[in-house]
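Chemist: Make a model of this:
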Amino acid sequence: MSTIIPVPKNASPAGMNDNHPVALTSVVMKCFERLVKDHICSSLPHTLDPLQFAYRSNRSTDEPISQVMHATLSHFDIVGGGYVRLLFIDYSSAFNTVVPNRLATKLHDLGLNPSTCAWILDFLTARPQVVRAGGHTSCPLILNTGVPQGCVLSPLLYSLYTHDCAGRHNSNTIVKFADDMVVVGPITNNDERAYLQEDGGFLPTTAQELHPSPDRRDTS
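Modeler: Numbers count the residues shown, from 1 in each chain. Sure thing, here's the model as predicted:
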């Protein structure tokens, strides 16, 4: 059983959405998760999802910014008179919306050992937890969705869950940092059809399932 501790996102949280639900698990489980994580990383290519810049060693927040700038400026250098559309998306409670069955299927499709896929599915389903805040502890609740924030495996599993969230058109680039995403759409001759198909509800299924936050979705 894990214990969920609300950790404020800012100095003056106004509601539950202003807290990170961090899961505390046993030391034994954390050690076992590290073993599973090492096994997964050694089984999958290092080049998987090169435009996801979070949760990786020797990466920083500067790199996705540089990637967006490079894609934008390269278009200006090649196409005179063109312009670039940028769509900034932040997902609401992204870790909590991961569907374990779909995750297990994606891991299997990536070539991960079936027994490892089965263990991960078992790890994420029928998961008991309690919430502890202000000296009070809730009744136990069984969860069958999401990956628990604060667990060793969760960042890697989330990255693998969203690895196939890429542009449908070669002209577009989707740059990711954790649960933040930028759709870069170079426009030539005022033809925005390829970009609008990404923006108009045609983002890959995984991205739609993660529930984009309407108050944190910006275009430029």
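
Chemist: Just want the most central residue of this structure.
Modeler: Centroid check for the chain by CA atoms, centre = their mean gives residue 179 as the closest residue, at 4.1 Å.

Chemist: got a list of what that residue touches?
Modeler: The contact partners of residue 179, by CB atoms under 8 Å, 6 or more residues apart in numbering, come to 90, 91, 94, 95, 158, 210. C-beta coordinates here come from the backbone N, C-alpha and C atoms, glycine included.

Chemist: at 6 Å what do you get?
Modeler: 91, 94 (CB atoms under 6 Å, 6 or more residues apart in numbering).

Chemist: can you tell me how far it sits from residue 151?
Modeler: Applying CB to CB, to the nearest Å, the value for residue 179 to residue 151 is 16 Å.

Chemist: For residue 31, grab phi and psi.
Modeler: With angles defined as degrees, to the nearest 10, residue 31 sits at phi -60, psi -40.

Chemist: could you pull out the helices for this protein?
Modeler: Counting by DSSP state H, the chain has helices at residues 27-43, 62-78, 100-109, 114-124, 154-161, 193-199, 205-209.

Chemist: winner for burial among these?
Modeler: helix 154-161 (a mean of 21; mean count of other CB atoms under 10 Å).

Chemist: Now do that helix, average pLDDT.
Modeler: Average pLDDT, helix 154-161: 94.

Chemist: quick one on the thing from earlier: now the helices of the chain as JSON lines including distance to residue 49?
Modeler: Output for these, formatted as JSON lines (distance: least, CB to CB, whole Å):
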{"stretch": "helix 27-43", "distance to residue 49": "13"}
{"stretch": "helix 62-78", "distance to residue 49": "12"}
{"stretch": "helix 100-109", "distance to residue 49": "11"}
{"stretch": "helix 114-124", "distance to residue 49": "18"}
{"stretch": "helix 154-161", "distance to residue 49": "7"}
{"stretch": "helix 193-199", "distance to residue 49": "17"}
{"stretch": "helix 205-209", "distance to residue 49": "12"}
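
Chemist: so who does residue 54 touch?
Modeler: Taking CB under 6 Å, 6+ apart as the test, what residue 54 contacts is 177, 178.

Chemist: what does the model give it for pLDDT?
Modeler: Listed pLDDT for residue 54 reads 91.

Chemist: ok, so what distance separates it from residue 112?
Modeler: For residue 54 relative to residue 112 (CB to CB), the value is 21 Å.

Chemist: With residue 87 instead?
Modeler: With CB to CB as the criterion, residue 87 and residue 112 are 31 Å apart.

Chemist: okay, now residue 144: neighbour count?
Modeler: 11 (other CB atoms under 10 Å).

Chemist: Quickly list what the residue nearest to residue 16 when sequence neighbours are not counted is bridged to.
Modeler: Computed as CB to CB, 6 or more residues apart in numbering, the closest residue to residue 16 that is not its neighbour in sequence is residue 6, at 7.1 Å. In this entry, residue 6 is beta-bridged to residue 21, by DSSP bridges.

Chemist: so residue 6 touches residue 19, yeah?
Modeler: Yes: counting by CB atoms under 6 Å, residue 19 is a contact partner of residue 6 at 3.8 Å.

Chemist: any weak-confidence spans in the chain?
Modeler: Where the chain drops to pLDDT under 70, the residues are 79-81, 199-220.

Chemist: same thing but 50
Modeler: For the chain, applying pLDDT under 50 flags the ranges 202, 217.

Chemist: leaving aside the residues next to it on the chain, what's closest to residue 182?
Modeler: Distances taken as CB to CB, 6+ apart place residue 175 nearest to residue 182, at 4.7 Å, with adjacent residues excluded.
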